[in-house]
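Q: Fold the following, please.
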Amino acid sequence: MRRLAHVAMLASLVTLAGAALAFDNGQYDNVPPDIRAWFKSVIAPNGVPCCDISDGHRTSYDVRGGAYWVPIEGEWMMVPERAVIRDRGNPVGEAVVWYVHHRGNIIISCFVPADAV
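A: Numbering: from 1, shown residues only. Okay, the predicted model is just below:
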């Protein structure tokens, strides 16, 4: 039983590590340096970096009842207020959302609306 618990814990850690790591395999070579720097500098309201250009997803969005909603993998999801970043500007002209898969759920960690100032 103890071995099974250790295997389950290891599998969870590997899954989290894989979800948190995104790779720039050259697909972002043509991104201007100022845009690349912006992606690297965005920090969530709780002080945690949103990650990098390869982790952010340009997206459409909607505002419903005062909350932002974004489509992620074919499903509209409400952006938690704790993830909304309004003070970093947005040089890409489109909304950007950062999210990870965790224990079968999608966790939105950061969101910058298209008109952020």
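Q: all strands for this protein, in order.
A: 56-59, 62-64, 67-72, 75-78, 95-102, 105-112 (DSSP state E).
Q: Can you say which of these is nearest to Val84?
A: Taking C-beta to C-beta, strand 105-112 is the member of these nearest to Val84, at 5.4 Å. C-beta: built from backbone N, CA, C; applies to glycine.
Q: between the closest one and strand 95-102, how many degrees?
A: 160 degrees (axes from the mean of the first three to the mean of the last three C-alpha atoms, to 10 degrees).
Q: and the strands of the chain as JSON lines, adding mean pLDDT, distance to Val84 and mean neighbour count?
A: Converted to JSON lines, the strands of the chain look like this (pLDDT from 0 to 100; distance: least, C-beta to C-beta, whole Å; neighbours: other C-beta atoms under 10 Å):
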{"stretch": "strand 56-59", "mean pLDDT": "91", "distance to Val84": "13", "mean neighbour count": "17"}
{"stretch": "strand 62-64", "mean pLDDT": "96", "distance to Val84": "11", "mean neighbour count": "10"}
{"stretch": "strand 67-72", "mean pLDDT": "97", "distance to Val84": "6", "mean neighbour count": "16"}
{"stretch": "strand 75-78", "mean pLDDT": "98", "distance to Val84": "11", "mean neighbour count": "12"}
{"stretch": "strand 95-102", "mean pLDDT": "93", "distance to Val84": "10", "mean neighbour count": "20"}
{"stretch": "strand 105-112", "mean pLDDT": "94", "distance to Val84": "5", "mean neighbour count": "19"}
